[in-house]
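Enquirer: model the following, please.
(one chain, ligands or ions: 1)
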Amino acid sequence: MSLLAKRSIIKEDKSNIITLGAIAKEEKKKDPSVINATIGMYYSEDGKLVTYESVNKALEALTDDEKYAYASTPGSASYHEALKRWIFREYYDEFMEKTFISCMATPGGSGAISNTFSNYLNEGDEALLPSFMWGNYKQFAYENHASYRTYNLFKDGHLDLDDIKKNIYELKEKQGRVLLVINDPCQNPTGYTMTDSEWVSLVDIINEASADGTPFILLHDMAYIDYDYRGFKSTRNNLRLYEKLNKNVLVVLAFSGSKTLALYGIRIGAQVAISTNEENIKEFARANKFSSRAKWSNTTNLGANLISKVILDKEMRNAFENELEKARDILVKRALAFIEASKEVGLETLPFNCGFFITIPCKNPDEVYKRLVERKIHIIPLGNVLRVTISAITIEDCKRLPKIIKECM
Ligand SMILES: Cc1ncc(COP(=O)(O)O)c(C=O)c1O
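Expert: Numbering: from 1, shown residues only. So this is what the prediction gives:
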């Protein structure tokens with residue numbers, strides 16, 4: 001008989017990303033010609049993990065206290081200020097005036113998603129997730145005593161808003177509340193980025209569905225927001241739509257220090273909650289502080305203070321933005337190279353705009369994975385697709401990979 005509690009007996013981390021990523025890393029250590037397009041981290045054209053110089057400078061400037069002392073559970077006022085400055089940018093004053101906001105430090109975007117699931121879903125409620133998704137969402141749901149259903153991500157190459165709407169109304173009927181997850185821009189795994197008009201329609205759907213007072217939580221996973229080829233200003237424009245959401249709607253932005261500042265292993269991120277109703281924000285702060293204390297107590301002071309320093313110091317921030325823009329430009333070059341080479345050999349990809357990944361529909365991903373490994377190429381087989389991490393490989397690799405993938409299929 002298992003010693004595990006009933007709910008834990010079926011627990012098994014089925015995500016192969018970390019496992020296959022570790023295999024690829026080992027193979028590459030033995031043979032540098034191996035292509036490792038597995039784990040979602042950003043590597044330079046000479047194969048090194050990208051770290052930002054401005055972030056390293058800020059690290060050197062931290063005192064022992066800033067690095068090693070306990071952080072407060074929600075994070076310091078300066079961390080919250082840095083988050084709001086970074087996320088809202090030129091719309092900062094507008095947001096402060098028109099909405100209520102609360103920030104909660106979390107270990108990465110992961111902690112932000114987990115906290116949100118645990119406080120806004122009743123036992124057995126379903127979160128509404130995209131059909132192609134970062135698989136960890138399912139585990140966050142189970143761990144927080146909830147379940148999930150999926151909306152069809154694409155119809156005719158665009159966001160399937162009809163299916164999102166249909167599922168929202170079904171969930172409203174079934175459980176009297178809705179928690180919708182949107183991962184935008186640079187969706188993982190497809191790289192899809194919603195258009196401005198899709199954002200307008202989505203916010204209209206949310207307002208219509210919640211007009212009768214139904215609690216509505218929009219979890220906006222913005223992990224890759226700073227790698228959108230359209231640049232900082234453009235990615236923040238759509239956030240302004242949140243200023244006109246109903247009072248019974250709460251938006252939780254899941255911010256990832258892993259992706260924006262390449263602080264993957266430091267484990268720092270945040271929930272940034274926005275609502276037009278102050279009461280939602282007060283209860284958000286209360287319940288999520290409780291959950292954080294119960295799950296991880298507090299995040300790394302080092303991570304939060306690093307982010308505060310980089311963002312609140314004008315000079316460091318300018319330098320950091322320049323570095324980030326350069327990283328983004330290289331990512332765009334890789335994407336263009338991959339997409340062009342795919343077209344040349346007739347390799348189909350799912351709708352892609354930008355980001356760390358490109359996804360290829362595939363009937364037998366596990367078999368193709370094995371064939372690719374024989375040719376020293378490591379990608380991630382996922383359900384009925386192959387995910388290629390272009391953030392981890394070079395422009396030259398992006399040029400030659402589509403042909404090899406096509407051959408292996
Ligand atoms: C879509 C998406 N959201 C959130 C995360 C969370 O990352 P972290 O917890 O490292 O911030 C990831 C990481 O890969 C991701 O791909």
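Enquirer: okay, now the unreliable bits of this structure?
Expert: Filtered on pLDDT under 70, the chain yields no residues whatsoever.
Enquirer: for the ligand, what is the nearest residue in it?
Expert: Nearest to the ligand in the chain, going by Cβ to the nearest ligand atom, is residue 108, at a distance of 2.4 Å. Placement of C-beta: from N, CA and C, glycine included.
Enquirer: contact partners for that residue?
Expert: 256, 257, 258, 267, 268, 269 (Cβ atoms under 8 Å, 6 or more residues apart in numbering).
Enquirer: redo that, cut-off 10 Å
Expert: Shown in contact with residue 108 (Cβ atoms under 10 Å, 6 or more residues apart in numbering): 114, 223, 254-259, 263-270, 299, 303.
Enquirer: filter these to the buried ones?
Expert: Neighbour-count burial (16 or more other Cβ atoms under 10 Å) applied to the contacts of residue 108 gives 114, 223, 254-259, 263-264, 266-270, 299, 303.
Enquirer: so which of these also contact the ligand?
Expert: 223, 256, 258, 264, 269 (Cβ under 6 Å from any ligand atom).
Enquirer: quick check: which helices or strands does the helix or strand harbouring residue 270 pack against?
Expert: For residue 270, the element it lies in under DSSP states H and E is strand 269-275. In terms of contacts (3 or more Cβ pairs under 10 Å, 6 or more residues apart in numbering; DSSP states H and E), strand 269-275 is packed against helix 77-88, strand 100-106, helix 108-120, strand 216-221, strand 249-256, helix 257-260, helix 278-295, helix 301-312.
Enquirer: the fifth one pairs with which strands, parallel or anti?
Expert: Taking DSSP bridges as the criterion, strand 249-256 pairs within the sheet with strand 216-221 (parallel), strand 269-275 (antiparallel).
Enquirer: how far is it from where the chain is centred?
Expert: Put simply, strand 249-256 sits 11 Å off its chain's centre (Cα atoms, centre = their mean, to the nearest Å).
Enquirer: again with the longest one
Expert: Between the mean C-alpha point of helix 278-295 and the mean C-alpha point of its chain there is a distance of 21 Å (Cα atoms, centre = their mean).
Enquirer: is the ligand contacted by it?
Expert: No - under the criterion of Cβ under 6 Å from any ligand atom, helix 278-295 makes no contact with the ligand; the nearest approach is 13.3 Å.
Enquirer: any buried residues in that helix, and which?
Expert: Per 16+ other Cβ under 10 Å, helix 278-295 contains these buried residues: 280, 281, 283, 284, 285, 288, 289, 291, 292.
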